[in-house]
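S.K.: my questions concern the predicted model and sequence given below.
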2 protein chains.
Amino acid sequence: MKSEHIPKATIARLATYIQVLSEFKREGTDVVSSERLAEACAVNSSQIRKDLAYFGEFGVRGVGYYVQDLITSIKRSLGIDRAWNCGLVGVGNLGRALLRHREFPRKGFIIRGAFDCDPYKIGEIVEGMEIVCSRQLPAKVKELSLEIGIITTPPERAQRAANYLVGAGIKGIINFAPSRISVPSHIHLEYVDFFHHFYAAAFHIRFADHQE
Amino acid sequence: MKSEHIPKATIARLATYIQVLSEFKREGTDVVSSERLAEACAVNSSQIRKDLAYFGEFGVRGVGYYVQDLITSIKRSLGIDRAWNCGLVGVGNLGRALLRHREFPRKGFIIRGAFDCDPYKIGEIVEGMEIVCSRQLPAKVKELSLEIGIITTPPERAQRAANYLVGAGIKGIINFAPSRISVPSHIHLEYVDFFHHFYAAAFHIRFADHQE
DNA sequence: ACTGGAATGTGAATTTTTTAACAAAAGCTC
DNA sequence: GAGCTTTTGTTAAAAAATTCACATTCCAGT
Ligand SMILES: NC(=O)c1ccc[n+]([C@@H]2O[C@H](COP(=O)([O-])OP(=O)(O)OC[C@H]3O[C@@H](n4cnc5c(N)ncnc54)[C@H](O)[C@@H]3O)[C@@H](O)[C@H]2O)c1
Ligand SMILES: NC(=O)c1ccc[n+]([C@@H]2O[C@H](COP(=O)([O-])OP(=O)(O)OC[C@H]3O[C@@H](n4cnc5c(N)ncnc54)[C@H](O)[C@@H]3O)[C@@H](O)[C@H]2O)c1
């Protein structure tokens, strides 16, 4: 099929598929049907086939999908068949957790620069990386070819951090701070908000719709 | 209106509305129109009115919404007009960041229990809280009236952690580990997955659809 | 009290997403 | 290599979510 517009929900599901497929692979399963994958991901099987159809034809009729091949194909489809250099702004509690997280490099997102404005933190080494002054952002973005900026500053500083990143020539921003920020339209912006999951949990527990 | 089924997306947006409304409040704005709120949240204004209509009528025609009142109304609608006791399982990098995060208690999610299975961690004090052995989970869930479980163990341990939590009588689970888990249908389960945001960023940067 | 202006709440129209259904294709058996 | 079984890719149908459009309601000013 190979289509133009891809739903946001599809991207989120593809991430799940990769996760579950990786588990299948670890268990030694070589081939899965959309039916079986769907069950493990708690979605409908045509949903899976449709999601994949946006990007190409990856299965074999009458057989299913070869697990390793499908992982590779999805990764290529998403553009994560290569490494992405990331810069993290705001080395506090959350920033440190991200810096220390082994899964980032393993998944191809390599945090190459860590920036903070606090003079007590500058120069400190976290997970083998020296914390650098935010003012050096423009220089470092170029030097290290950083493409994705991660914002983990307090919310009131997020806009400033974004401005620095945009000015330095970053291509996408992932904002963990709970504040809306504005960036030029050619910069891709993602908000990460844990709290809505907590809200959703509270809501469903409180007003229990035990129907799903 | 007051409707039955509420879209997941609506819940996520309500979280955004609260965020933006809180900013308005801080700036001293008393009244907003759906138009102005929509602009700040980057959504359509009827979207906002429709989202709110699921829960009741909170505005004044010809005027707009009183900021503080609306915050209160949304919070009541979501069931976050009271505190929720949470228990966190797996006090590693991410678990610590969450424990130290001041925003949780401020938003009404109070982490009252921290559990780990590592004997070197048990007994340690983090943010004024003693890390307790996972085996004590059932006892503590009752003692502290924990309702929401937060899983921040490694992925291969997430199912076990969930089993403990469910057995102990928890009502909802928020899983930060990248693995699918199964729980009885009366337990509300939320997955938090940062990576799909990174995937989305990579995808959009790589195959730039500058049309959004 | 009456009028004009403004912005909500909501039914209808539109768009998007999900699910169902099935023809086409691949492998397996005999 | 024909027929049977299986499961994909895709088209059509259904469902859900979003946006439009406007009658309704409220406030302010006169
Ligand atoms: N900690 C969590 O678990 C958690 C969870 C969800 C969201 N968040 C959000 O993530 C952000 C960070 O949280 P945290 O707990 O790590 O906070 P933190 O206060 O521990 O860390 C913030 C860091 O940002 C640095 N900083 C401030 N302004 C800066 C600037 N202009 N340039 C560069 N660095 C700057 C500070 O020096 C500090 O090191 C916050 O917005 C928070 O709301 C945190
Ligand atoms: N660190 C991050 O930034 C980050 C980001 C996204 C997702 N995650 C996910 O969150 C989880 C935790 O990440 P982390 O970096 O904190 O890992 P970590 O290894 O630092 O921490 C895991 C903790 O869980 C404890 N644990 C293991 N099994 C347990 C059990 N059965 N009961 C109780 N405790 C147990 C371990 O002792 C350890 O303290 C992982 O699944 C990770 O993939 C982490």
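M.R.: Nice, I can see it. Ligands and ions are numbered 1, 2, ... in the order given.
S.K.: is the biggest strand by length in chain A anywhere near ligand 1?
M.R.: Counting by DSSP state E, the longest strand found in chain A is strand A:109-116. Yes. Using Cβ under 6 Å from any ligand atom, we find that strand A:109-116 touches ligand 1 at A:Phe115, A:Asp116. Heads up, the C-betas are built off the backbone N, CA and C, glycines and all.
S.K.: in its sheet, what does the helix or strand just after that strand sit against?
M.R.: Using DSSP states H and E, the next helix or strand after strand A:109-116 towards the C-terminus is strand A:125-126. Sheet pairing of strand A:125-126 (DSSP bridges) gives strand A:129-133 (antiparallel).
S.K.: does the partner strand come close to ligand 1?
M.R.: No. For strand A:129-133, no contact with ligand 1 is found by Cβ under 6 Å from any ligand atom; the gap never falls below 8.6 Å.
S.K.: run the chain-centre distance for that strand.
M.R.: 23 Å (Cα atoms, centre = their mean, to the nearest Å).
S.K.: dump it to CSV, restricted to CA.
M.R.: What follows is strand A:129-133, C-alpha atoms only, in CSV (Å, rounded to 0.1, in the frame of the first residue of the first chain):
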residue,chain,number,x,y,z
MET,A,129,29.4,12.0,30.4
GLU,A,130,30.5,15.4,31.5
ILE,A,131,27.7,17.9,32.2
VAL,A,132,28.2,20.9,30.1
CYS,A,133,27.0,24.5,30.5
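S.K.: buried set for it?
M.R.: Within strand A:129-133, the residues that qualify as buried are A:Ile131, A:Val132, counting by 16 or more other Cβ atoms under 10 Å in any protein chain shown.
S.K.: touching that strand from outside, list them.
M.R.: With Cβ atoms under 8 Å, 6 or more residues apart in numbering or on different chains as the test, strand A:129-133 has contacts from A:91, A:99, A:111-117, A:121-125, A:140.
S.K.: now, the most widely separated pair of the residues you listed?
M.R.: Farthest pair in those (Cβ to Cβ) is A:Arg112 and A:Cys117. Separation: 18.8 Å.
S.K.: for chain B, tell me whether the longest strand of chain A is touching it.
M.R.: Yes. Strand A:109-116 lies within reach of chain B by Cβ under 8 Å from any Cβ of the partner chain, at A:Phe109.
S.K.: close to ligand 2, is that strand?
M.R.: No. Using Cβ under 6 Å from any ligand atom, strand A:109-116 stays clear of ligand 2, with a minimum separation of 10.4 Å.
S.K.: now the angle from that strand to strand A:129-133?
M.R.: 50 degrees (axes from the mean of the first three to the mean of the last three Cα atoms, to 10 degrees).
S.K.: so what does strand A:109-116 touch, helix or strand wise?
M.R.: Here strand A:109-116 touches strand A:84-89, helix A:93-100, helix A:103-106, strand A:129-133, helix A:137-143, going by 3 or more Cβ pairs under 8 Å, 6 or more residues apart in numbering or on different chains; DSSP states H and E.
S.K.: the third one near chain B anywhere?
M.R.: This points to helix A:103-106. Yes. Helix A:103-106 is in contact with chain B by Cβ under 8 Å from any Cβ, via A:Glu103.
S.K.: what about that helix, distance to the chain center?
M.R.: 11 Å.
S.K.: dump that helix to CSV, restricted to CA.
M.R.: Provided in CSV are the C-alpha atoms of helix A:103-106 (Å, rounded to 0.1, in the frame of the first residue of the first chain):
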residue,chain,number,x,y,z
GLU,A,103,17.9,0.9,27.0
PHE,A,104,18.4,4.2,25.2
PRO,A,105,21.7,3.4,23.4
ARG,A,106,20.4,-0.1,22.9
